[in-house]
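Chemist: sequence unavailable; structure follows:
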């Protein structure tokens, strides 16, 4: 009985994902469908992340304490203007977003199931640090930036659902902007991820008050130069 329950929690649901894909294609503004796709195809991706955490000292401490990054990010007062927390605060204000919005969008999926408290915490944390990843990687929330960040994140922690969203996004970009070097941008994102620390396992709550450049250097994060150049040309009308 227990083994059957675990299997159902990790089961891939391609039909559910495909229905969400069709709804997303018909209306790209329905971003909540992305969470359904990710959850329907996640399989054992979260359990793999928990297993990786359990193999290092800091990871085991994280699993034991299970800190809430959302609660910590709710503290909008940081002593250093160049701290990671200050940059995050400026980012969410400039974009008029919040961590709570991501949580609300993700709750449309009825397929979120976890077999342990560790997996539940890890699955929610992967969702909640998405915008923090924007800040430390320097990828924007423009369409290209979101795709690049997905490529970066999925290189660190693979999920079939994110891979499907990436496939769709890459194909759409090729159709809409045939001169845009989308492959080069996404390949750069993957390379940057391979050369960085494993960001899902970082104790972010301890880094919010540190200078952002110090944090980025300690994590081996380099600037996405191809993305910067491409976005600049797009903004100037250099691509049709």
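Modeler: Cool, the structure landed. Fair warning: this is a prediction, and the values are worked out from it, not measured in the lab.

Chemist: for the helix or strand containing residue 188, buried residues please.
Modeler: Taking DSSP states H and E as the criterion, residue 188 maps to helix 182-194. Residues of helix 182-194 classed as buried under the neighbour-count rule (16 or more other Cβ atoms under 10 Å) are 182, 185-186, 188-189, 191-193. To be clear about C-beta, it is placed using only N, CA and C from the backbone, and glycine gets the same treatment.

Chemist: and what of stretch 137-148?
Modeler: 137-140, 143-148.

Chemist: JSON lines for the residues you listed, including secondary structure and pLDDT?
Modeler: Shown next, in JSON lines, are the buried residues of stretch 137-148 (DSSP: H, G, I helix; E, B strand; the rest coil; pLDDT from 0 to 100):
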{"residue": "137", "secondary structure": "helix", "pLDDT": "98"}
{"residue": "138", "secondary structure": "coil", "pLDDT": "97"}
{"residue": "139", "secondary structure": "coil", "pLDDT": "96"}
{"residue": "140", "secondary structure": "coil", "pLDDT": "94"}
{"residue": "143", "secondary structure": "helix", "pLDDT": "87"}
{"residue": "144", "secondary structure": "helix", "pLDDT": "92"}
{"residue": "145", "secondary structure": "helix", "pLDDT": "93"}
{"residue": "146", "secondary structure": "helix", "pLDDT": "89"}
{"residue": "147", "secondary structure": "helix", "pLDDT": "91"}
{"residue": "148", "secondary structure": "helix", "pLDDT": "96"}
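
Chemist: any low-confidence regions in the protein?
Modeler: Counting by pLDDT under 70, the low-confidence segments of the chain come to 1-12, 14-15, 17-18, 24-31, 43, 75-80, 98-114, 238-240.

Chemist: dihedrals phi and psi, the closest residue in space to residue 60 that isn't next to it in sequence?
Modeler: In space, residue 60 comes closest to residue 54 once its chain neighbours are excluded; the distance is 5.8 Å by Cβ to Cβ, 6 or more residues apart in numbering. In terms of degrees, to the nearest 10, the main-chain angles of residue 54 are phi -70, psi -10.
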